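>>> Fold the following.
(one chain, ligands or ions: 1)
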Amino acid sequence: MNKQEYMDAAEHALLHTYNRFPLVLERGEGVYLYDTDGKKYLDFAAGIAVQAFGYGKKEYNDALKKQIDLLMHTSNLYYNIPIMHAAKKFLKISDMDRVFFTNSGAEAIEGAIKAAKKYAFTRDGHAGHEIIAMQHSFHGRTIGALSVTGNAHYQEPFEPLMPGVKFAEYNNLDSVKALINDKTCAILFETVQGEGGIYPATAEFMEGVRKLCDEHDILLILDEIQCGMARTGYMFAWQKYGVKPDIMTSAKALGCGVPVGAFAMTEHVAEKSLAPGDHGTTYGGNPFVGAAVSTVIDLMEKEQIADHVKEVGAYLEERLAEIVDKYDFITAHRGVGLMQGLVCEKPVGKVAAKALEEGLIIITAGADVIRMVPPLVIEKEHVDEMIGKLEKVLDTF
Ligand SMILES: *Cc1c(COP(=O)(O)O)cnc(C)c1O
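Model (predicted):
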């Protein structure tokens with residue numbers, strides 16, 4: 001089959017929930033992807049911040065192959081060894097006390113919401129609690145996660161959603177304060193907003209919300225699904241601020257391609273939260289994903305990925321500042337580490353599409369942001385290569 005036939009077959013068979021770029025990707029190597037025509041692309045999207053090690057990482061592939069032959073799935077009715085290792089390692093890097101593995105980011109959010117509700121239920125002896133989330137947030141597409149996603153366009157067709165959710169303005173402490181009442185059980189936000197347009201939380205907001213939570217016994221839930229796992233130069237972005245959440249979520253780069261997410265919490269929350277019968281999953285935390293998570297964390301520590309991200313991320317920011325200077329329709333850059341956005345006054349979808357012609361994969365965030373979430377193993381030379389390609393694209397606008 002040729003490229004057009006693959007695309008046609010997919011369009012006939014798959015539910016049309018995406019307007020895909022006309023690209024059939026076939027294999028990857030390092031930080032490059034190759035399509036069915038053999039065309040090479042520099043990957044600055046990493047499958048939406050998933051492929052932290054790029055493609056074809058030998059230790060990772062070997063570990064997965066070994067686990068496939070040994071045991072892939074058991075259900076959670078029994079113990080398995082890889083997930084025990086993965087859990088211990090995850091708790092060590094996150095400074096949390098208890099973790100539950102899920103199959104996706106959205107499910108991690110679902111779990112975090114249930115954990116917070118159960119905590120408040122145990123404490124107060126009744127249900128009916130509320131959650132404060134943020135405008136322009138993104139937490140996933142399942143009904144619970146969609147209910148806390150501050151995007152009317154995503155929500156509208158599926159209403160009524162989960163009740164008891166209020167939306168504050170991100171980085172505006174007063175707007176959060178104004179929504180707190182006796183029913184509030186949790187405040188939920190992304191430490192760095194991803195889909196909404198790459199907005200890092202301010203230190204003032206992080207510290208202020210933490211203080212509000214402590215004063216009112218409200219749980220702080222940080223969504224680290226996109227910004228976690230070393231993407232910002234810290235294992236989790238909240239560590240940069242020294243503001244620890246009560247519950248946090250992870251996914252995306254957690255499995256580096258194997259579908260896995262997690263929600264984790266402190267012992268204090270766990271004691272009053274989900275108990276046997278309250279939550280479950282058939283696949284979640286099976287031996288296969290356990291091997292993936294365990295290997296990813298080992299490799300990140302061994303290769304000191306977080307420090308590498310700090311260094312290359314600083315260089316990427318320098319080069320993006322040059323782009324902002326050079327093109328008057330590029331008005332700003334913002335981000336942390338290797339999670340960066342360029343604010344662009346031209347249609348960003350078109351920029352991303354044109355970039356493909358130049359052999360560069362970039363994505364968008366919000367209405368006007370070019371998003372860069374490359375593999376964390378990129379080197380400065382890849383940043384230079386990206387800038388060269390991006391300039392060629394921007395010159396045509
Ligand atoms: C991607 C994402 C999710 C949802 O994860 P899925 O695996 O797509 O369900 C939730 N929160 C944030 C911040 C994300 O970037």
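
>>> who's in contact with residue 134?
Counting by C-beta atoms under 8 Å, 6 or more residues apart in numbering, residue 134 touches 150, 167-170, 188-190, 193. All C-beta atoms are positioned from the backbone trio N, CA, C, and that covers glycine.

>>> let's go with 10 Å and repeat that
Going by C-beta atoms under 10 Å, 6 or more residues apart in numbering, residue 134 touches 148-150, 167-172, 175-176, 187-190, 193, 196, 199, 201, 205, 223.

>>> again with residue 42
30-33, 355, 358-362, 374, 378, 382, 385-386, 388-389 are the contacts of residue 42 under C-beta under 10 Å, 6+ apart.

>>> ok, now how distant is it from the ligand?
22 Å (C-beta to the nearest ligand atom, to the nearest Å).

>>> Tell me if that residue really is in a strand.
Yes: under DSSP: H, G, I helix; E, B strand; the rest coil, residue 42 sits within a strand.

>>> Can you classify residue 28 as helix, strand or coil?
Once three-state DSSP is applied, residue 28 turns out strand.

>>> coming back round to it: now list the buried members of the contacts of residue 42.
30-33, 355, 358-362, 374, 378, 382, 385-386, 389 (16 or more other C-beta atoms under 10 Å).

>>> what sits against the residue of the stretch 201-350 of the chain found nearest the ligand?
When distances are taken as C-beta to the nearest ligand atom, the stretch 201-350 of the chain reaches nearest to the ligand at residue 226, 3.3 Å away. Contact analysis of residue 226 by C-beta under 10 Å, 6+ apart lists 48-50, 105, 138, 190-195, 198, 232, 237, 250-253, 339, 365, 371, 373.

>>> Just the buried residues out of those, in ChimeraX syntax.
Provided next is the ChimeraX selection string for whichever of those are buried by 16+ other C-beta under 10 Å:
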select :49,50,105,138,190,191,192,193,194,195,198,232,237,250,251,252,253,339,365,371,373
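
>>> Tell me which of the contacts of residue 226 fall in helices.
Assigned to helices by DSSP state H, the following of the contacts of residue 226 qualify: 48-49, 105.

>>> out of the buried ones among the contacts of residue 42, who's near the ligand?
Contacts with the ligand are made by none of the buried ones among the contacts of residue 42, judged by C-beta under 6 Å from any ligand atom.

>>> Take the residues you listed and keep only those in helices.
355, 382, 385-386, 389.

>>> check contacts around residue 210.
187, 220, 238, 241-246.

>>> And residue 217, by the same measure?
119-120, 123-124, 184-185, 246.

>>> Give the closest residue to the residue in the chain that the ligand sits nearest to in space, chain neighbours not counted.
The minimum distance from the chain to the ligand, using C-beta to the nearest ligand atom, falls at residue 105 (2.1 Å). Computed as C-beta to C-beta, 6 or more residues apart in numbering, the closest residue to residue 105 that is not its neighbour in sequence is residue 251, at 3.4 Å.

>>> Let me know the pLDDT of residue 110.
pLDDT, residue 110: 98.

>>> just checking, it touches residue 116?
No: in this structure, residue 110 is not within contact of residue 116 by C-beta atoms under 10 Å, at 11.2 Å.

>>> Overlap in contacts, these two.
residue 263.

>>> pLDDT averaged over the helix or strand that contains residue 5, what's the number?
In the assignment (DSSP states H and E), residue 5 maps to helix 3-13. Helix 3-13 shows a mean pLDDT of 96.

>>> Same question for stretch 148-158.
pLDDT averaged over stretch 148-158 gives 96.

>>> Any part of it near the ligand?
No: for stretch 148-158, no contact with the ligand is found by C-beta under 6 Å from any ligand atom; the gap never falls below 8.3 Å.

>>> Name the residues that touch that stretch?
106, 109-110, 112-113, 131-141, 143, 146-147, 159, 161-162, 165-170, 186, 188-189, 193, 195-196, 221, 223, 366.

>>> and those, which are buried?
For the contacts of stretch 148-158, buried by 16+ other C-beta under 10 Å: 106, 109-110, 112-113, 131-140, 146-147, 161, 165-168, 170, 186, 188-189, 193, 195-196, 221, 223, 366.

>>> Please narrow these to those residing in helices.
Going by DSSP H, the helices hold 106, 109-110, 112-113, 146-147 from these.

>>> Could you find which two of those are furthest from each other?
Distances among those were taken as C-beta to C-beta; the most separated pair is 112 and 146, at 14.2 Å.

>>> and residue 68, what does it touch?
So residue 68 contacts 287-288, 291 (C-beta under 10 Å, 6+ apart).

>>> Looking at those, which are in helices?
Per DSSP H, the subset of the contacts of residue 68 in helices is 287-288, 291.

>>> Most neighbours among those, which one?
Within the ones in helices among the contacts of residue 68, most neighbours by other C-beta atoms under 10 Å means residue 291, with 28 neighbours.

>>> Contacts for the helix holding residue 5, please.
Contacts for helix 3-13 (C-beta under 10 Å, 6+ apart): 1-2, 16, 18, 20, 22-24, 26, 35-37, 39.

>>> same thing but 6 Å
24, 36 (C-beta atoms under 6 Å, 6 or more residues apart in numbering).

>>> what does stretch 379-391 give?
So stretch 379-391 is in contact with 31, 42, 44, 315-316, 319, 358, 360, going by C-beta under 6 Å, 6+ apart.
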